[in-house]
Every structure is written in C-alpha cells, then in structure tokens.
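1. Prediction below, plus the sequence it came from.
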Amino acid sequence: MAINRIGGQTIRFTNNIPKIISRAAIVGRKEGEGPLGKYFDKVLEDNLWGEKSWERAERRIFQETAELALTKIGKKPQDIHCLLGGDLLNQIITANFAARSLGIPFYGLFGACSTLTESLSIGSVLVDGGYADDVLCVVSSHFCTAERQFRFPLEMGTQRPPTAQWTVTGAGAFILSSEGEGPCITHVTTGKVIDYGIKDANNMGAAMAPAAADTFRAYFKDTNEGPEDFDLIVSGDLGIYGRQLAIDLLKKDGYNIEDRFIDCGCEIFSEEQDTHAGGSGCACSAVVLAGYLLKKMEEGEYSRILMAATGALLSTTSSQQGETIPSIAHAIVIEKRG
C-alpha cells in the first residue's frame with residue numbers, strides 16, 4: 001500500500017526524510033558574469049576549459065562538480081550508494097562518460113531540462129525508502145554542445161529570435177542523505193507529459209509553461225496547499241515569456257503565484273547580457289538552486305520553496321518531422337528545518 005502517496009501525483013516523505021547535505025555549482029564565463037556570479041563555486045575562463053572539444057569540456061564540468069560536492073563533506077565516490085545524472089546530449093553521453101570515471105553505481109536519466117528535479121525526486125525516494133544512505137544527483141548542460149545538437153552550428157552565426165533562450169554552461173551536484181545537516185526535501189510531485197501543440201524549437205518557454213502549470217496545480221490539489229504556503233515558487237527555465245504564460249494558466253484555476261514566482265532562466269542572466277528570453281538547459285535550474293537559492297535559505301531569507309524544473313522532450317528528428325513539442329515538469333518541496 002502506497003502510504004506516503006497523497007492524491008494523484010504527490011509523495012510525502014515521512015521515514016528517512018532526505019536532506020541536501022552538500023552541493024556544488026560550476027558555471028561558464030557568461031554565467032559568472034551574470035547577477036548570480038558570486039554564488040557559484042567556480043567560473044570557467046572559456047567554454048573549452050582546456051579540452052579538445054565542447055563535449056569533453058561538459059564532461060569535465062560534470063565530473064568536477066560531482067567531485068567538489070563530495071570533497072566539501074569529506075566523502076569519496078565509494079561512500080555514495082547511487083549516482084543519478086543526466087544531460088541534454090544524445091544517449092546522455094556527458095553523464096555516462098563521467099559515471100565511467102566516478103565509479104559509482106549509476107542510473108542515467110533524461111528529462112531534458114527537468115532532469116534536475118527528476119533526479120532529486122528519485123534520489124529522495126531512494127533515501128526515504130531506505131534503499132540508499134547517500135545519493136549523488138548531478139546534471140549539466142553546455143551552450144555550445146546544445147546549439148550544435150539542437151539548433152545550428154555556431155560557425156553559421158544564425159540569428160536568434162526574441163523567444164530563443166541561452167543554454168546555460170555548467171553543472172550542479174547535490175548529495176542527499178537521511179543523516180547530517182541541510183534543507184529537507186519533504187514532497188515530490190511527478191509531472192505528466194503535456195503538449196499544447198507548440199512546434200517552434202526557438203520558443204521553449206511556450207512549450208514548457210503548460211507542463212509547469214499542470215504540475216504546480218497537481219501539487220496544490222493533492223496537498224490542499226496554495227501559493228501562500230511558500231516563500232518562493234520556482235520554475236527551471238521557462239524564460240520571460242514562459243514564466244508569464246505559467247502565471248496566466250494558473251490564474252485561470254484560481255492560483256495566483258505571481259508575487260512569489262521566479263524562473264531560474266530569468267535570474268541567471270542580466271538584461272544587458274542579451275540572452276533574449278533568458279537561460280535554459282539542465283544546468284540552469286541546477287546552478288541557481290545549488291549556488292543561489294540554497295544559500296539564501298541558509299541565510300534565512302527563505303524557509304519553504306516549491307520548485308519545478310521543466311523539460312521540452314523533443315529531438316532533432318521529431319522537430320524535422322514536424323512533430324509538436326511535449327513537455328514535462330517535476331516538482332519538489334524544499335524546507336529549512338531546525
């Protein structure tokens with residue numbers, strides 16, 4: 001019997017409530033020059049970081065971010081029971097190749113840009129259920145690798161429309177445990193795949209906003225809570241247009257989140273950096289959570305956050321064949337206790 005399940009999509013943790021006992025964030029130069037630059041552990045000098053290709057650079061970012069999270073609390077890879085990781089590249093090669101070097105039992109995940117909260121959700125289930133003591137969750141993305149795979153070669157200098165977003169270069173790593181100190185993950189809401197018929201791969205915010213709204217709505221209905229129960233409600237990378245769409249969709253159902261709703265894609269870059277609609281990518285939500293939001297929670301600015309990372313589940317093949325863009329969002333609740 002699923003005694004920890006609430007309503008249709010939400011789980012409440014009551015046994016070994018998972019805590020985020022360590023975290024790390026490494027970002028690219030552009031991200032480091034943004035308004036949150038001082039909150040990240042390391043900022044790269046360039047997008048290659050001494051490697052022969054952008055893909056190798058992303059792999060190094062993933063691995064070193066994971067190792068940094070371990071080092072912060074004096075743990076080694078062999079102390080971790082499970083690694084949950086993913087990225088945006090075909091066959092999640094960044095996570096797979098980094099896991100080869102880390103030597104930790106590994107589940108590779110793909111939820112596009114929702115992979116952060118997907119990994120934290122599954123990791124929390126493993127910890128609370130007693131199936132793992134310590135779980136390492138890591139996700140990454142890279143502007144140059146994503147552009148090459150999903151859009152156009154950078155050498156073409158293709159003009160980007162105003163709705164386009166800038167894939168964040170970086171990685172975020174989190175260690176979950178039932179022991180130790182840190183903010184708790186108390187609930188997870190598993191999202192459904194939602195498709196409102198958007199086909200434009202340069203308008204991801206419009207494609208993903210319905211999924212974010214659907215997951216937030218599901219959480220509120222399952223728990224009988226509302227926006228007023230949170231200090232902050234966060235989406236992963238809807239950008240400036242997608243954020244407003246999510247607000248409007250939820251208002252139709254009677255939920256007004258506007259006064260406490262931020263999007264990581266809107267926070268990580270400044271307007272002067274001209275990223276058009278804001279940031280995107282697996283690392284967008286990961287580095288903002290690891291570097292900025294959890295720091296603010298430590299400082300007492302926030303005590304309860306509802307966060308949903310959002311993912312557009314397209315491929316180059318599906319786009320070229322004229323398919324619409326299905327999307328998903330998974331939500332977690334993070335609380336500061338004690």
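-> Cool, got the structure. Not measured: the values here are computed from a predicted model. Residues are numbered from 1 along each chain as shown.
2. Need the mean per-residue confidence for stretch 142-161.
-> For stretch 142-161, the mean pLDDT works out to 74.
3. which stretches of the stretch 201-338 of the chain form helices?
-> 204-223, 239-252, 264-267, 282-287, 294-298, 316-320 (DSSP state H, counting those that start in this stretch).
4. Give me whichever of those is most buried.
-> Highest mean neighbour count among the helices of the stretch 201-338 of the chain (mean count of other CB atoms under 10 Å): helix 282-287, with a mean of 36. From N, CA and C alone the C-beta is placed, and that goes for glycine too.
5. Mind listing residues that contact that helix?
-> 25-27, 31, 36, 40, 86-88, 112-113, 115-117, 139-142, 167-173, 234, 236-237, 264-265, 268, 307, 309 (CB atoms under 8 Å, 6 or more residues apart in numbering).
6. re the thing from before, tell me which of the helices of the stretch 201-338 of the chain approaches Ile104 most closely.
-> helix 282-287 (17.9 Å; CB to CB).
7. returning to what we had before: sitting in strands, which of the contacts of helix 282-287 do you find?
-> 25-27, 86, 139-141, 167, 170-173, 234, 307, 309 (DSSP state E).
8. Which residue in these has the weakest pLDDT?
-> Lowest confidence among the ones in strands among the contacts of helix 282-287: Thr167, with 93.
9. what's the neighbour count on that one?
-> 27 (other CB atoms under 10 Å).
10. And for the one 4 residues further on?
-> The burial metric for Ala171, expressed as a neighbour count using other CB under 10 Å, is 35.
11. Run through the residues that contact it.
-> Contacts of Ala171 by CB under 8 Å, 6+ apart are 25-26, 58, 61-62, 65-66, 138-141, 283, 286-287.
12. mind running it again at 10 Å?
-> Residues near Ala171 by CB atoms under 10 Å, 6 or more residues apart in numbering: 24-27, 58-66, 68-69, 85, 87, 94-95, 98, 138-142, 282-283, 286-287, 290.
13. and Arg5, how many residues sit next to it?
-> For Arg5, using other CB under 10 Å, the count is 12.
14. and the lowest-mean-pLDDT helix or strand in the chain, how far from the chain's centre?
-> Lowest mean confidence among the helices and strands of the chain (mean pLDDT, DSSP states H and E): helix 143-150, at a mean of 80. Mean-position distance between helix 143-150 and its chain equals 18 Å (CA atoms, centre = their mean, to the nearest Å).
15. what's it packed up against?
-> helix 54-72, strand 166-167, strand 279-280, helix 282-287, helix 316-320 (3 or more CB pairs under 10 Å, 6 or more residues apart in numbering; DSSP states H and E).
16. nearest to Ala201, of those?
-> Here helix 316-320 is closest among the helices and strands packed on helix 143-150 (CB to CB), at 5.2 Å.
17. What is that closest one packed up against?
-> helix 143-150.
18. Okay, angle between the helix it packs on and helix 204-223 too, please.
-> Relative orientation of helix 143-150 versus helix 204-223 (axes from the mean of the first three to the mean of the last three CA atoms, to 10 degrees): 100 degrees.
19. Pull out the buried residues from helix 143-150.
-> Buried residues in helix 143-150, counted by 16 or more other CB atoms under 10 Å: 143-148, 150.
20. Next, the contact list for Val234, please.
-> Counting by CB under 10 Å, 6+ apart, Val234 has contacts 117, 212, 260-264, 267, 285, 288-289, 293, 302, 305-309, 331-332, 334.
21. Revised request: answer the last question for Asp134.
-> With CB under 10 Å, 6+ apart, Asp134 has these contacts: 18, 21-22, 70, 73, 75, 79-82, 104, 123, 126-127, 175-180.
22. Do I have it right that Phe174 meets Leu83?
-> No. Phe174 is not in contact with Leu83 according to CB atoms under 10 Å; the separation is 11.3 Å.
23. Those two - which one has more neighbours?
-> A count of neighbours by other CB under 10 Å puts Phe174 above the other of Phe174 and Leu83, at 30 against 24.
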